[in-house]
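In: got a sequence here, can you model it:
(4 chains)
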4 protein chains.
Amino acid sequence: MKNTFGNNIGITLFGESHGEAIGCVLDGIAPGIEVDEDFIALQMEKRKGISSISTPRREADRVRILSGVFEGKTTGTPIAIMIENQSQHSKDYSATKDLARPSHADFTAQCKYGGFQDYRGGGHFSGRITAPIVAAGAVCLKALSKKGIEIGTHIACCGGVRDRAFHCLSEDIALLKEKEMPVLCENSKKEMIAAIEKARNEGDSVGGVLTTAVTGVPAGVGEPWFDTAEGVLSHALFSVPGIKGVEFGAGFAFSEMKGSQANDPFFTKDGRVQTKTNNNGGINGGITNGMPIVFSCAVKPTPSIFKEQETVNFKTKENTVLSIKGRHDPAIIHRARVVVDSVTAITLCDLLAGRFGTDWLGE
Amino acid sequence: MKNTFGNNIGITLFGESHGEAIGCVLDGIAPGIEVDEDFIALQMEKRKGISSISTPRREADRVRILSGVFEGKTTGTPIAIMIENQSQHSKDYSATKDLARPSHADFTAQCKYGGFQDYRGGGHFSGRITAPIVAAGAVCLKALSKKGIEIGTHIACCGGVRDRAFHCLSEDIALLKEKEMPVLCENSKKEMIAAIEKARNEGDSVGGVLTTAVTGVPAGVGEPWFDTAEGVLSHALFSVPGIKGVEFGAGFAFSEMKGSQANDPFFTKDGRVQTKTNNNGGINGGITNGMPIVFSCAVKPTPSIFKEQETVNFKTKENTVLSIKGRHDPAIIHRARVVVDSVTAITLCDLLAGRFGTDWLGE
Amino acid sequence: MKNTFGNNIGITLFGESHGEAIGCVLDGIAPGIEVDEDFIALQMEKRKGISSISTPRREADRVRILSGVFEGKTTGTPIAIMIENQSQHSKDYSATKDLARPSHADFTAQCKYGGFQDYRGGGHFSGRITAPIVAAGAVCLKALSKKGIEIGTHIACCGGVRDRAFHCLSEDIALLKEKEMPVLCENSKKEMIAAIEKARNEGDSVGGVLTTAVTGVPAGVGEPWFDTAEGVLSHALFSVPGIKGVEFGAGFAFSEMKGSQANDPFFTKDGRVQTKTNNNGGINGGITNGMPIVFSCAVKPTPSIFKEQETVNFKTKENTVLSIKGRHDPAIIHRARVVVDSVTAITLCDLLAGRFGTDWLGE
Amino acid sequence: MKNTFGNNIGITLFGESHGEAIGCVLDGIAPGIEVDEDFIALQMEKRKGISSISTPRREADRVRILSGVFEGKTTGTPIAIMIENQSQHSKDYSATKDLARPSHADFTAQCKYGGFQDYRGGGHFSGRITAPIVAAGAVCLKALSKKGIEIGTHIACCGGVRDRAFHCLSEDIALLKEKEMPVLCENSKKEMIAAIEKARNEGDSVGGVLTTAVTGVPAGVGEPWFDTAEGVLSHALFSVPGIKGVEFGAGFAFSEMKGSQANDPFFTKDGRVQTKTNNNGGINGGITNGMPIVFSCAVKPTPSIFKEQETVNFKTKENTVLSIKGRHDPAIIHRARVVVDSVTAITLCDLLAGRFGTDWLGE
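Out: Next up is the predicted model:
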């Protein structure tokens, strides 16, 4: 199924940017898990980004839970989430609807849907469709937290500015939960915001790298082939708009290492097997080893820029130029982090259910 | 299903390094496609690597096709492939079977299978299990080639040595088909081999980066969410032992770019929409745009090294040291490339079937 | 995924009888197919049953299409369908919520969901959840009709009364489309309604058999093993509440036949291969043979009756008696037929997509 | 995936009647389960049927387990099973290869595979392909038995002769394990064999009904929609060649019942909730209720008969007649019962894993 992801716990996504509503169905969640609507609202706020460097949004993004929750707890049946789109006195898209915005999906949508796609505001490809993912992710994040599993993502670099690396994961993840702009070092944060503002002023945009850590995942989760922990997570992560690379542990830096540097020596402490380094990002042979899962995602610069760009009209096949009007984000990376956290939470719930059964999450 | 991958065309993998046989079932391939057993044998040879820098292998690796092929052509029913393991006068593994080799899956296998895993030679986690993938991939590569789709992978860097980038893809892919050592520049090749030999002499190993290009894939393949072309390919690629990162197009380099540099301008030539650059690696919004698909995989250094390493006995939970004996590859990247080509071919067949139906491949 | 069915075209179901809303996501439907909201409304009406023998319903059952339809046509992206539940001044269920109504799912829901299920009005098990299936089915029925595929279901027997058998399928299916009470013979219809009314007057209920015919399905659809046309259809049909048996062609009557009677002789007419009889119900070896697909479903009597019944309180584990109050259907078979038509349509779309690709439906 | 069935525990089937080998991959079975090769051999023998009414078979049907079993126990990785086909001095099929044997899959295979199918002896459609299902089923039957779950199938009727109904399930299932001809009543057995022999002497064949009981399945297994226990079981059962109907509990007999007769009253005994009757066959709302699962399968008469039959040549499209030569089974129902037991065991393992996780079976 095209818009459904997951084996035992999964999500089905629907909606278009300017349609009636967007939403998702989260299925397989154990009964009896508390659903914290305030936390959902908090995560939805985080997704909107900080005001100085994000597009002002009209949408209230009120999350309605249509099913699967009764007396504040999950029932074990599908949780349908809906966010109605506000009545859009939407601008007239007809002038530009056949122009392929570079690095956007307008042209590929045309190739796939043959002209029947809802072209308004990116339609089904809009970043707006990540809103229900964040709502569903909030349910999973809370449930995982009850089981001692915590997820945090920071901007490792953006606009040429690097954040400090994770050091104490439990403290760093706690810190990130509080942050509107997910940068661990305050100075880096200021420089990053400045770099983003500079790009905005130039009518341009920037990309970056998000690094995520997950603590508390038990060893033994994932499969040796195909449904490796890396494979399943990356599959889901590449759905986050703008993500064009995923690496685990040392990732591409492995290419500069020797085996003697790269291998993580095992040792036991308090009867628990651990590794001294974590170059493998908590995963050996596709299966979690009990160390923190660590991965990074490359995020490309926001495609919508104000500079004039060359493009084609895909109906007439004529070469032309395009100037994108309106308000656009000079960076989405700070907003994408909450989507990454959410996708990670949903996917981990499924991986854990594959090993321990779906009841495990509610026990 | 754990060891099955694919929606409409897929592969089910089985076997252990020292069990009776390894193999796979390739299902969903259209009827009437010629199966070239010589090409399969050729690909199996490539997987063994070049002699100066690879472990000499005893296995003849004779591929037996048990079903799904009749009078030299596919029947449309499952193609079962089996490679019998030679009678192994296998060394006694009992002394080291409870020692977790760093960066290997011994410990995670123990966590997942609770001591019942076949520990000999890595069991189901062995790189040897990629042999049937290569055989199945050979069937798909030939079928794709008939439809004008060609796949080639080179070692972009290894042991600190960089290859030249792809320039003319059709020529470069043709060149790579001929090469035992998949490096485009002859000088780089020599230096790379020297670097690998040096690592071997030091009892160490090296990793690197593989870059793959696919030409001829029609526009409109992949899904906007979850089953994005990137997501499905990466899901499969992370099964290749040692791969710890996957990036599409500019990938992690996007983090240093502005939108105005990153966006690929569209233009039409001879009525066909193309892009001037290909930073997006042939994929926009999860869907192919008709440009070559380009991606890179980070390969970690071979975990088996001859230097003494710290580790634990996961039965007794005692700290200890380990010295790996025997013959091991100082690099697997030149062998992994044929596995990457194979996994890519199988996965693309499935993505194409998702759009055009399974019959398409045989038409 | 638990509440998702289908490989290439599928449906994800959600909702509880007394929750906020019920609905579904229909995914994989080709772009460019006209969506006829009047036909959807007509099918919704049919599902409510004829007034003399059905429970009067408060619900307006207004179908809202939230996504996947633009300018009256499918876009190719997920079609989300929602029906809001009316503000229910619902009776107090607390007195009976721990009593297992015989033949209902109250006890099994308790076993599965551990007390967290929404028990009001059957919750997620309510027959009400078939309403979104009917709406999604209406989209598929119209699309199949454009491809020359027609589906019709009549009540073969109910309350001891038999309908005449299908004879001219195209005429009979056309006739059934018009009928509120799907019985081919007018006399049988009157007798059946009388039998149902008699059961109602006795505080009892009746079951029956539905027989379905599908014309126009091309030969070659279905798989030889597992995803046989029979297997996939029956899998879906057993979701229709009350269905406890599914047979194809002669079905259980085969047990009384000899091979020489049972085998359907082939012949050609106008260059088309056909069979003289259709005991196999249009399917040989799991694959359609181009003859009409014919199957029957056994429907058990409505579990809700007014007679006092023995049961248990599953919380206290005490034996007790139960008298069901309120209004209940003495038969659901005439309402179930539109659900059967809908499930058949959705499932056939998926089977056809498995053979010809998802685009086929829109061509 | 076409020839793969199951979500968490599943089977992938391959092979043709006259190809090199047939087999399957059974995946998801927990580690540490004993594999009893003698029991596998016993089940394989049962599948061959009793000599007086079955075709003498040349095949030794030696089952080779290629992977997934180590030191007599499952490893948790895929269990590949292979049965090599004996060197067949097979008769020349070329004279009849384009003739559609009535009630067989020759014509539909042609429609699906376009002439590339292996037509010899039914190819991939041959009843022979059930042999690996029986081997895989034997692994599952033993594992389920360790968990207190027992499965037994008898011939409820065949050739106009009825067996007595199940009464004491534990004794009857034990009895059936011993029986070559699975009929509970000795007199019925003799009459049934006589009826089958009579059909054979007339060059004809007979069908019948198999009834299966499963004891010990915990309550709470199955899903309310789509993956209902009935739906999943029937999906798999319709793969057994010749099965054209599946009914649970009272099944089609429900159509003659009133609700007051059909409903199963609940009561508690020794703190366990049970039902007084079991018309629902152990399943309410798609979910097991802890009572025995009971279902019946309609088996059509063996299509291969010796009487001359009308048919077509599907290449030339000419009408013709066909006389099937050689040796053929006048009934397959006594052989099908072990296939039904096996399919039921595999499918139940998957349903149980969906609720309790895959580890459950090995605990």
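In: the residue of the stretch 51-200 of chain A found nearest chain D in helix, strand or coil?
Out: Nearest residue of the stretch 51-200 of chain A to chain D, counting by Cβ to the nearest Cβ: residue A:77, 7.2 Å away. Bear in mind the C-beta positions are built from the backbone N, C-alpha and C, glycine included. Classification of residue A:77 by DSSP: H, G, I helix; E, B strand; the rest coil places it in coil.
In: and for the one 3 residues further on?
Out: When classified by three-state DSSP, residue A:80 comes out as strand.
In: again, but for residue A:52
Out: Residue A:52 ends up helix, using three-state DSSP.
In: let me see the contact set for it.
Out: Listed by Cβ atoms under 8 Å, 6 or more residues apart in numbering or on different chains, the contact set of residue A:52 reads A:193, A:197.
In: what's the distance between it and residue A:155?
Out: Distance of residue A:52 to residue A:155, given as Cβ to Cβ, to the nearest Å: 15 Å.
In: output the below-cut-off pLDDT ranges for chain A.
Out: A:1, A:55-59, A:87-91 (pLDDT under 70).
In: just the helices in it please.
Out: Counting by DSSP state H, the segments of chain A that form helices are A:37-48, A:106-113, A:130-146, A:169-178, A:186-201, A:229-237, A:259-262, A:333-356.
In: how about stretch A:74-84: buried residues?
Out: Using 16 or more other Cβ atoms under 10 Å in any protein chain shown as the test for burial, stretch A:74-84 gives A:74, A:75, A:76, A:77, A:78, A:79, A:80, A:81, A:82, A:83, A:84.
In: near chain C too, which of the residues you listed?
Out: A:74, A:75, A:76, A:77, A:78, A:79, A:80, A:82 (Cβ under 8 Å from any Cβ of the partner chain).
In: excluding covalently adjacent residues, which one is nearest to the last one?
Out: Going back to what we said before, that points to residue A:82. residue A:23 (4.0 Å; Cβ to Cβ, 6 or more residues apart in numbering or on different chains).
In: which of the buried residues of stretch A:74-84 sits closest to chain B?
Out: Among these, and counting by Cβ to the nearest Cβ, the member closest to chain B is residue A:81, at 14.9 Å.
In: for the closest one, which residues make a bridge with it?
Out: Counting by DSSP bridges, residue A:81 forms beta bridges with residue A:24, residue A:65.
In: touching, it and residue A:61? I think so.
Out: No - using Cβ atoms under 8 Å, residue A:81 makes no contact with residue A:61, being 11.2 Å away.
In: so which bits of stretch A:109-119 are buried?
Out: A:109, A:110, A:111, A:112, A:113, A:114, A:116, A:117, A:118, A:119.
In: send the alpha carbons of it over as PDB?
Out: Output of stretch A:109-119 as PDB, limited to C-alpha atoms (Å, rounded to 0.1, in the frame of the first residue of the first chain):
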ATOM      1  CA  ALA A 109       3.700  14.700  -9.900                       C
ATOM      2  CA  GLN A 110       2.700  15.500 -13.500                       C
ATOM      3  CA  CYS A 111       4.500  12.400 -14.700                       C
ATOM      4  CA  LYS A 112       2.900  10.200 -12.100                       C
ATOM      5  CA  TYR A 113      -0.600  11.600 -11.900                       C
ATOM      6  CA  GLY A 114      -1.000  12.800 -15.500                       C
ATOM      7  CA  GLY A 115      -2.400  16.200 -14.800                       C
ATOM      8  CA  PHE A 116      -5.100  15.100 -12.300                       C
ATOM      9  CA  GLN A 117      -3.000  16.000  -9.200                       C
ATOM     10  CA  ASP A 118      -4.200  18.800  -6.900                       C
ATOM     11  CA  TYR A 119      -1.500  21.300  -7.800                       C
END
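In: can you give the contact residues for it?
Out: A:16-19, A:93, A:97, A:100, A:106, A:123-125, A:314-315, B:219-221, B:224, B:285, B:287-290, B:355, C:31-32, C:70, C:73-77.
In: ok, 7 Å please
Out: By Cβ atoms under 7 Å, 6 or more residues apart in numbering or on different chains, the residues outside stretch A:109-119 that reach it are A:16, A:18-19, A:93, A:97, A:123-125, A:314, B:219-220, B:285, B:287, C:31-32, C:70, C:73-76.
In: among the buried residues of stretch A:74-84, which two are most distant?
Out: Farthest apart among the buried residues of stretch A:74-84 by Cβ to Cβ are A:76 and A:84. That separation is 26.2 Å.
In: for the nearest residue to residue A:267 once chain neighbours are set aside, which residues are in contact?
Out: Using Cβ to Cβ, 6+ apart and skipping the chain neighbours, the partner closest in space to residue A:267 is residue B:319 (5.3 Å). Listed by Cβ under 7 Å, 6+ apart, the contact set of residue B:319 reads A:267, A:268, B:312.
In: buried residues, stretch A:170-188. List them.
Out: Under 16+ other Cβ under 10 Å, the buried positions of stretch A:170-188 are A:172, A:173, A:176, A:177, A:179, A:181, A:182, A:183, A:184, A:188.
In: can you name the two of the residues you listed that sit furthest apart?
Out: A:177 and A:188 (18.2 Å).
In: residue of chain A nearest chain D, please.
Out: Counting by Cβ to the nearest Cβ, chain A gets nearest to chain D through residue A:357 (2.9 Å).
In: and the residue nearest to that residue when sequence neighbours are not counted, how many neighbours?
Out: Of all residues beyond its chain neighbours, the one nearest residue A:357 is residue D:357 (2.9 Å), with distances taken as Cβ to Cβ, 6+ apart. Residue D:357: 22 surrounding residues under other Cβ atoms under 10 Å in any protein chain shown.
In: so what's residue D:357 up against?
Out: A:355, A:356, A:357.
In: need these in JSON lines (columns: distance to residue B:147).
Out: Listed next are the contacts of residue D:357 as JSON lines, based on distance: Cβ to Cβ, whole Å:
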{"residue": "A:355", "distance to residue B:147": "39"}
{"residue": "A:356", "distance to residue B:147": "43"}
{"residue": "A:357", "distance to residue B:147": "42"}
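In: show me which of the residues you listed is closest to chain B.
Out: Once Cβ to the nearest Cβ is applied, the member of the contacts of residue D:357 that ends up nearest chain B is residue A:355, at 7.6 Å.
In: ok, and the closest non-adjacent residue to the closest one?
Out: residue A:221 (5.0 Å).
In: just confirm the one you found contacts residue A:289, I think it does.
Out: No - checked against Cβ atoms under 7 Å, the pair residue A:221 and residue A:289 is beyond contact range at 9.6 Å.
In: who has more neighbours, the two?
Out: Using other Cβ under 10 Å, the more surrounded residue of residue A:221 and residue A:289 is residue A:289, with 30 against 26.
In: returning to what we had before: which ones are touching the residue nearest to residue A:355?
Out: When contacts are counted by Cβ under 7 Å, 6+ apart, residue A:221 is found next to A:229, A:287, A:288, A:351, A:352, A:355.
In: please report the distance of the residue lying closest to the first one once chain neighbours are set aside from residue A:10.
Out: With sequence-adjacent residues excluded and distances taken as Cβ to Cβ, 6+ apart, residue A:229 is closest to residue A:222, at 3.4 Å. When distances are taken as Cβ to Cβ, residue A:222 and residue A:10 turn out to be 17 Å apart.
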